[in-house]
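**Q** Sequence first, predicted model second:
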Amino acid sequence: MILVILGIIVIVVLILILNIRVVPQAYAMVIERFGAYLETWQTGLHVKVPFIDRIARKVSLKEQIADFPPQPVITKDNVTMQIDTVVYFQITDPKLYTYGVERPMQAIEVLTATTLRNIIGELELDQTLTSRDIINSRLRVILDEATDAWGIKVNRVELKNILPPREIQDAMERQMKAERERRESILRAEGEKKSAILVAEGQKESKILTAEAEKQATILRAEAAKEAKIKEAEGEAAAILKVQEAIALGIKKLNEASPTNQVLTLKSLEAFAKAADGKATKIIIPSEIQGVAGLVSSITSIAEKEEK
């Protein structure tokens, strides 16, 4: 009897252990009882009633990505192109996600394709190629409103690729090539223009600098000549001053010696002799000096006779 009771206890414990569930972070579990919705388990430890409750679906609450294949769409100007989309969504209500729609991912894909066709049908080719942000925003708003009933929130919608027909791609490539060549020609012309301007400015600056250098050299040469003349004049003035000082000193000493008229006459004669110095061809001698000269000549003759 005791073994039977122990066996029953062990079985009950095993059943309880097998019905213990741990819900991980960012997940939820939808629980049904007798086939009907009972509750939603959030993160944590839970125990379900054996044989009565069951886990209908384990739902991820993380943001998910749905990458849909290219869809053919027609623009307002009847151009068929291929557009593939990427939808970023998140499950906000596990109950609605479980019971709201059959195969939610397929439903989102179909809804995305039909909505995209409606939006692109209102735009021309050029608008479609240049209005990605507008298309993304409109598509996100429409999908988010439509999937609220399924417990899904659409966070972002991106147009991954927009592929127009081959002939249109070729035309666009030719246009882009022509535009690049035009810009290259403009840039080359602007570069040559700037280069010519820089060369001209360089030559201008060089000429200005050369003229400035010549001007400074001329000024310096003039100042040097001026200084040389000033020094020469100062030297001549100093020499004249020295001569005048010497003459004045000689006159002073002569006056102090109280010379006679004969001595003065002889000094005058010496001065005339120095003035002539063998270079003058004609000398005019004053009359008072001529008598003295004759006297000196007579004295010289007498002295020579006495020596003989």
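**A** Received the coordinates, thanks.
**Q** Report how many residues lie close to the residue nearest to L16 when sequence neighbours are not counted.
**A** Nearest non-adjacent residue to L16, counting by C-beta to C-beta, 6 or more residues apart in numbering: V47, 7.0 Å away. From N, CA and C alone the C-beta is placed, and that goes for glycine too. Other residues lying near V47 total 11 when counted by other C-beta atoms under 10 Å.
**Q** who does V47 bridge with?
**A** Beta-bridge partners recorded for V47 (DSSP bridges): I20.
**Q** quick one: the strands in the stretch 151-300 of the chain?
**A** 152-163 (DSSP state E, counting those that start in this stretch).
**Q** where does it dip in pLDDT?
**A** 250-251, 254-300 (pLDDT under 70).
**Q** returning to that earlier point: so the residue nearest to L16 touches V22, yeah?
**A** No - assessed by C-beta atoms under 8 Å, V47 is found out of contact with V22, at 10.4 Å.
**Q** who touches the helix or strand where V13 lies?
**A** Applying DSSP states H and E as the criterion places V13 in helix 2-18. For helix 2-18, contacts defined as C-beta atoms under 8 Å, 6 or more residues apart in numbering pick out 47, 50.
**Q** mind redoing it with 10 Å?
**A** 47-48, 50-51 (C-beta atoms under 10 Å, 6 or more residues apart in numbering).
**Q** and the residues you listed, which are buried?
**A** Among the contacts of helix 2-18, the ones that count as buried by 16 or more other C-beta atoms under 10 Å are K48.
**Q** Nearest to E184 among the contacts of helix 2-18?
**A** K48 (72.4 Å; C-beta to C-beta).
**Q** which SSE is V49 in?
**A** Counting by DSSP H and E, there is no helix or strand that carries V49.
**Q** Now it: phi and psi?
**A** Here is the backbone geometry of V49 (degrees, to the nearest 10): phi -80, psi 130.
**Q** same thing with the one 4 residues further on?
**A** As for D53, its main-chain torsions (degrees, to the nearest 10) stand at phi -90, psi 150.
**Q** Can you name the residues that contact it?
**A** Counted by C-beta under 10 Å, 6+ apart, D53 has contacts 19, 21, 31-34, 38-39, 46-47.
**Q** Many thanks, I have nothing further to ask.
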